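# After the sequence you'll find the predicted model.
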Amino acid sequence: MNLAFDIPIAGSYKSASQIARILTENWVQHNIYCPSCGNDNLNAFPNNTPVSDFYCLKCKSEYELKSKKDSISLKIVNGAYNSMIEKINTNNNPHFFFLNYSSSSYQVINFFVIPKHYFIFDVIEKRKPLSHKAKRSGWTGCNILLQNIPNSGRIFFIKNGKVEDREAVLENWRRTSFLSKQKPDKRSWTIEVMKVIEDVPTQNFTLKEVYQAESFFKKIFPENNFIKDKIRQQLQILRDKGIIEFKGNGNYYKI
């Protein structure tokens, strides 16, 4: 995998944003494989396609690319809020590629994918509507909050300039692909429990430690009056899917 951009292909462009788009999209198309099926070739959609930037001919997965020079913020500007929420509800949102590169060397520093099934409602932040003076007065956009996505939902191809093993990337995708078969409300519960488990600093954790986040779950799911029952249900799902191992007597192990 070549981490350097092909600078000459953007030679005829003057706009910095156009140059960045040409370089990053070209790099993805020539270096990145489909993490869902392993297909080596991703195809580019025509420019200004409203939903996605790339698609896989083999498995039909679609990907949208977000790029940023020098660092990746934990808050990524996205499109219309209502449209994004509707896509999540109908499971019609694309997977997201995130790329950050050096503005001096034009080389990729980090590149990762977030599968679309990790996009639950608390990942999407509603922005303030545009003022009445704006051309699109009243239009409301959204931000993607990367800090609200579990580590397991950020699958790195390249991390701090180091290329990750291909089989490990595909396996990391496969491990939590069961989430794609869940409805958004059920998936939200599973992912929120995964986040709490990740926050435990050791591989071993207890049911009691997860219960300590009861107020956190109550804030997210205010209509649920059986928080502890729901936590136990989600731990069983994660156990059955091989994400955690039950050791007995309320003790668990992160696999």
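Looks like it came in fine.
# How is the chain divided into domains?
Domain ranges of the chain: 7-181, 185-254, per automatic domain parsing.
# now those domains in a markdown table, with mean neighbour count?
All C-beta spots, glycine's among them, are computed from the backbone N, C-alpha and C. Listed next are the domains of the chain as a markdown table, based on neighbours: other Cβ atoms under 10 Å:
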| stretch | mean neighbour count |
| --- | --- |
| domain 7-181 | 16 |
| domain 185-254 | 15 |
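# Least confident of those, on average?
In terms of average pLDDT, domain 7-181 trails the rest of the domains of the chain, at a mean of 93.
# Nearest to Met1, out of the domains of the chain?
Smallest distance to Met1 across these (Cβ to Cβ): 5.0 Å, for domain 7-181.
# sec struct for Asn100, please.
Under DSSP: H, G, I helix; E, B strand; the rest coil, Asn100 falls in the strand class.
# Excluding covalently adjacent residues, which one is nearest to it?
Ile72 (4.4 Å; Cβ to Cβ, 6 or more residues apart in numbering).
# thinking again about what came up before, output the domains of the chain as a markdown table; include the columns distance to Met1.
Output for these, formatted as a markdown table (distance: least, Cβ to Cβ, whole Å):
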| stretch | distance to Met1 |
| --- | --- |
| domain 7-181 | 5 |
| domain 185-254 | 28 |
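# any chance you could map the helices in the protein?
16-31, 81-90, 166-175, 184-199, 207-211, 214-220, 227-240 (DSSP state H).
# Reformat those helices as JSON lines; add distance to Ser52.
Shown next, in JSON lines, are the helices of the chain (distance: least, Cβ to Cβ, whole Å):
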{"stretch": "helix 16-31", "distance to Ser52": "12"}
{"stretch": "helix 81-90", "distance to Ser52": "11"}
{"stretch": "helix 166-175", "distance to Ser52": "17"}
{"stretch": "helix 184-199", "distance to Ser52": "20"}
{"stretch": "helix 207-211", "distance to Ser52": "36"}
{"stretch": "helix 214-220", "distance to Ser52": "29"}
{"stretch": "helix 227-240", "distance to Ser52": "29"}
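# can you tell me which residues contact Ile191?
Tyr118, Ile120, Pro150, Gly153, Leu179 (Cβ atoms under 8 Å, 6 or more residues apart in numbering).
# Quick check: Tyr106 touching Ala4?
Yes: taking contacts as Cβ atoms under 8 Å, Tyr106 lies within contact range of Ala4: 6.6 Å.
# doesn't Trp173 make contact with Ser36?
Yes: look at Ser36 against Trp173 with Cβ under 8 Å: they come within range, at 6.3 Å.
# what sits in contact with each of these two?
Common neighbours of Ser36 and Trp173, counting by Cβ under 8 Å, 6+ apart, are Pro115.
# so what's Thr86 closest to, chain neighbours aside?
Rather than Thr, residue 86 is Glu. Per Cβ to Cβ, 6+ apart, closest to Glu86 is Asn92, 7.7 Å.
# Can you tell me how far that neighbour is from Lys247?
The gap separating Asn92 from Lys247 is 40 Å, by Cβ to Cβ, to the nearest Å.
# Then Lys218?
To Lys247, Lys218 is 27 Å away according to Cβ to Cβ.
# List the contacts of the nearest residue to Asn151 once chain neighbours are set aside.
If the residues on either side of it in the chain are set aside, Asn151 comes closest to Glu198, at 5.7 Å by Cβ to Cβ, 6+ apart. The contact partners of Glu198, by Cβ under 8 Å, 6+ apart, come to Pro150, Asn151, Ser152.
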